[in-house]
Each structure stands twice: as C-alpha cells, then as structure tokens.
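J.: A predicted structure for the sequence below; I have some questions about it.
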Amino acid sequence: MSMVNAEEPVSKELVDYCAGLPGMVVGASVLLHDRHGNIVVVEPNYKPGLDIPGGMAEAGEAPHETAGREVREEIGLDVVVGRLLAVCTTTAETFGRVVLDFVFDGPVLTDDQVAGLRATDAELDAAFVLMPDEALPRFAPRTRRRISVALEAYASGACLYVVNGREYRPRKKRIWHEGAAVPAGTPVGRAAGWLFDPDGRVLLVVDPDGGYVLPGGGAEPEDADPLATLAREAAEEANAVLGATTHVGYLADPDGGDVRSRTAARLVSLGPLTPDPATGWSWSRALVTPRRAAELLGDGYEARLPQALAAQRLAHERLGVPILDNDSRVDVPAEGVTFVSGDVFEASDASERTDVCDTEAPDTPRGR
C-alpha cells in the first residue's frame, strides 16, 4: 500500500530528483529481553563476535520493517517492533558510504519463547540469551558500541543519535571558571579529573576508537557530590584510586543548566585493566603532560590549555605534584601500577573528608 497521501501528490520531477541523490546503507535490529533482564543474542558464522537480531534493509523497506523481517528470518519469531532506541551513523570514511543502523526496542519474550530460541538463518550458528554484562565483551568493538547505546537508551527512555560510536551533542562553547565556586543551587551534571602521577603526568583514558578523554562522567543519584562522581567514574573507567584532591574550577553552559566540575587529584594506584560496566569497553590508559593532554583531548587546544595549566598549577601548589618540563608519555600496563601509599580518597566519605582544598584554600569549594 502506498504511504503517499492522495491529497499531497508527488511530482515525477521530485521522484526523479530523489532517485538521483546519493544513497545510504541502512540496517536495523531489535533489542529483545526476557523477563530476567537477559538480552537475545545471535552468533553469526560470517564475522567474529556476537550480535543482536537484525540486518540490512531491502529495496523499498522502512527500517522498522527491516527489523521485524530480520527477527523472523534469524530466530523465527514474529514480534511487534517497539520504539526507536538509537540511530547509529557510521560516516563514509569507514565503509565508503554512510551507514545508518536503527536499533528498536522489542517485546519481553515469554519463558516458552526463550526456551525455544534457535537460529533459523543459515548465516547464524546459534541464538540464546545472556545478561548484558556477559554479552558486551563478546561483541566486536563496533557492535559493542551500538548495543551499549541501545541499552542506555532502553534504560533511560531516551532515543539517542550516535556518530561513529559517540553520542552526538551539538558543540557548545562552555565558559571556563578557574578556581570559582559552583554557584549555589546549580546542579553539577558531570565531573572529571586531572589525575596526576608522582612525576606530574595526568591520566587519560583511551576508547577503542583511539579517542582520549579525562576520567569522569555523569552524576548518579547515589553520588554524594561531584567528588564522589569523579571517584566512582575513575574507578569504573581506569580502575584508579585517588588520593588528595583540590578543586580546579568548572565549565558553564552559556545557555544555563548544569555545570561540569574539574578536580585535580593525586593518583594512588591504577589497578588491572577491567571492562567499564557502563560500556563494556576496556579503556587503555596513558599518562601524559598536561600540555599534551590539552592537545589530545580535542575541542581545541586553546580552549583546553587554560584548564590544563590551572590543574597543573593547583596540583603543584596544593598537592605537592611536581611540574614536569619534558614531554614524556607512559602507557599504563594492563596489570596496573601502584604509585604511592598514604591517604586514599573514599567516595562514601566525600561529604566529611577534609582535603588539601579545605586546609590550604578555605574559600575554594570542592566542586559541589
């Protein structure tokens, strides 16, 4: 049946024009759960790693139609395709053409449906269920990023748009407030840290695509304050244990809303490399000078440099971290490293802890 409204006819010229436009490759898949929180995965025999039911669109097929057809063909279930969870775009640099992957929600399968799961496509060796944290390490990196985003969208109720594995967010020129207290009543949405080793290098975590970020992330309801957010995220992403900390400043959105706090801290240790529970990624870790970090972090060297130099200066003045002159880099081994003994920052004690920021600069807040 034609989807064109008879009251709004489309001219042949417009049809011809659309037919001549550059094409995109479209894929679609469905995230299916059972009542215990497991997800349905399939094991292809034509590529490494697991996947979820899905595939490429056929001519004239809408993404939701593709998703439903692929589930029928691959695991023999006729399901109602639910809401859109994510659109994952891979730019043309990877495959030579833009690829759009649509990931949809699906119904919760019954126990009988789960018990009867089997691969009904010759390209698959098996179909079964796994808990998400068990499944994520078994996906290939590009697939893992797609499924991680879908799981995040499923849990949050959002619909996410992702470009080359990263959630797309319009870039904003956030305003850097060095050393200033976060205004009272302003929520801190994200917290990140300039985490120093004893030689004056700072820790960066590296994602599977080679992108560098400061350890940190979004606040969770259980976090007592931004320091607790930082400590939790640094542990999850880098298995890092923090020592003494000091507030460096915050980034403000010119349109209002929450802010992003920045803290400097001494590193006590970096434990063995483990997958981040939020993404399933095993971030690699590098220790570089603050100036080099400003170059690697993106968003413009000139925008990052003031923050990097402020963190270096305050870590030197308040935490006793030396200022490193040479441009050395250390890649942290997978088994980790212990730097110093002494006080360890405990996230659960964040609201009670007296740190260097409080004792040496009583008017400087700790990022709340």
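T.: Received the coordinates, thanks.

J.: Ranking helices and strands of this structure by mean pLDDT, which lands last?
T.: The helix or strand of the chain with the poorest confidence is helix 356-360; it has a mean of 32 (mean pLDDT, DSSP states H and E).

J.: list the contacts for G37?
T.: Residues near G37 by C-beta atoms under 8 Å, 6 or more residues apart in numbering: M131, P132. For the C-beta atoms, the positions are set from N, CA and C on the backbone; glycine is no exception.

J.: What separation is there between it and A115?
T.: Between G37 and A115 the computed distance is 17 Å (C-beta to C-beta, to the nearest Å).

J.: ditto for T94
T.: 38 Å.

J.: same question, R329
T.: Taking C-beta to C-beta, one finds R329 at 53 Å from A115.

J.: ok, now A286?
T.: 47 Å.

J.: quick one, which of these two is more surrounded?
T.: The neighbour comparison of A286 against A115 (other C-beta atoms under 10 Å) goes to A286, with 19 against 9.

J.: quick one: contacts of the strand or helix carrying the more buried one?
T.: Following DSSP states H and E, one finds A286 within strand 284-288. Residues outside strand 284-288 that contact it (C-beta under 8 Å, 6+ apart): 197, 201-206, 212, 238, 270, 273, 296, 328-332.

J.: Could you pull up phi and psi at R72?
T.: R72 has phi and psi values of phi -60, psi -40 when expressed as degrees, to the nearest 10.

J.: Not counting residues beside it along the chain, what's closest to it?
T.: Of all residues not flanking R72 in the chain, D78 sits nearest, at 5.6 Å (C-beta to C-beta, 6 or more residues apart in numbering).

J.: ok, that neighbour - contacts?
T.: G68, V71, R72.

J.: And for A334?
T.: For A334, the contact set (C-beta under 8 Å, 6+ apart) comprises P272, L273.

J.: Which of the three states applies to it?
T.: When classified by DSSP: H, G, I helix; E, B strand; the rest coil, A334 comes out as coil.

J.: pLDDT score assigned to it?
T.: Reported pLDDT at A334 in the predicted model: 91.

J.: likewise F345?
T.: Looking at F345, the pLDDT reads 47.

J.: for the one 10 residues further on, same thing?
T.: We note a pLDDT of 38 for D355 in this prediction.

J.: In this structure A315 contacts T246, no?
T.: Yes: counting by C-beta atoms under 8 Å, T246 is a contact partner of A315 at 7.0 Å.

J.: between these two, what contacts are shared?
T.: Counting by C-beta under 8 Å, 6+ apart, the residues touching both A315 and T246 are A264, A265.

J.: quick revisit: return the subset of the contacts of strand 284-288 lying in strands.
T.: V202, L203, L204, V205, V206, Y212, L270, R329, V330, D331 (DSSP state E).

J.: Now which of those residues would you call buried?
T.: V202, L203, L204, V205, V206, Y212, L270 (16 or more other C-beta atoms under 10 Å).

J.: Grab the two from these that are most spread out in space.
T.: The largest separation in these, counting by C-beta to C-beta, is between Y212 and L270 at 15.9 Å.

J.: Mind putting the contacts of D78 into CSV with distance to A228?
T.: As requested, the contacts of D78 are exported to CSV (distance: C-beta to C-beta, whole Å):
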residue, distance to A228
G68, 44
V71, 41
R72, 47
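
J.: R292: which of the residues you listed is nearest?
T.: V71 (47.6 Å).

J.: hang on, that closest one packs against A28?
T.: No: look at V71 against A28 with C-beta under 8 Å: they stay out of range, at 9.7 Å.

J.: shared neighbours, the two?
T.: Contacts common to V71 and A28, judged by C-beta under 8 Å, 6+ apart, are G54.

J.: Just the helices from this protein, written as ranges.
T.: 12-19, 63-75, 92-95, 111-115, 132-135, 141-156, 226-238, 290-296, 301-319, 356-360 (DSSP state H).

J.: So which of those is the most surrounded?
T.: Of all those, helix 226-238 has the most neighbours on average by mean count of other C-beta atoms under 10 Å, namely a mean of 25.

J.: how close does the closest residue to V87 other than its chain neighbours get to D51?
T.: Once flanking residues are discounted, V87 sits nearest to Y161: 5.2 Å by C-beta to C-beta, 6+ apart. Distance from Y161 to D51, counting by C-beta to C-beta: 21 Å.

J.: Between these two, which is the more surrounded one?
T.: Between Y161 and D51, counted using other C-beta under 10 Å, D51 has the larger neighbour count: 21 against 13.

J.: Hmm, the more buried one is touching R146, no?
T.: No: under the criterion of C-beta under 8 Å, D51 makes no contact with R146, lying 9.0 Å away.

J.: Now the common contact residues for the two.
T.: Common contact partners of D51 and R146 (C-beta under 8 Å, 6+ apart): S29.

J.: which residues sit in contact with I39?
T.: L31, L32, H33, I52, V129, L130, M131, P132, A135, I147, L151.

J.: ok, now with 6 Å
T.: H33, P132 (C-beta atoms under 6 Å, 6 or more residues apart in numbering).

J.: Please tell me the pLDDT value assigned to it.
T.: 96.

J.: ditto for A293
T.: So A293 comes in at 94 (pLDDT).

J.: That one and L309, how far apart?
T.: With C-beta to C-beta as the criterion, A293 and L309 are 11 Å apart.

J.: Same question for A235.
T.: For A235 relative to L309 (C-beta to C-beta), the value is 27 Å.

J.: got it, and L203?
T.: 17 Å.

J.: Ok, G185 next?
T.: Counting by C-beta to C-beta - G185 and L309 are separated by 29 Å.

J.: Next: L31.
T.: Separation of L31 from L309 (C-beta to C-beta) stands at 44 Å.

J.: again with N164
T.: For N164, the distance to L309 - C-beta to C-beta - is 30 Å.
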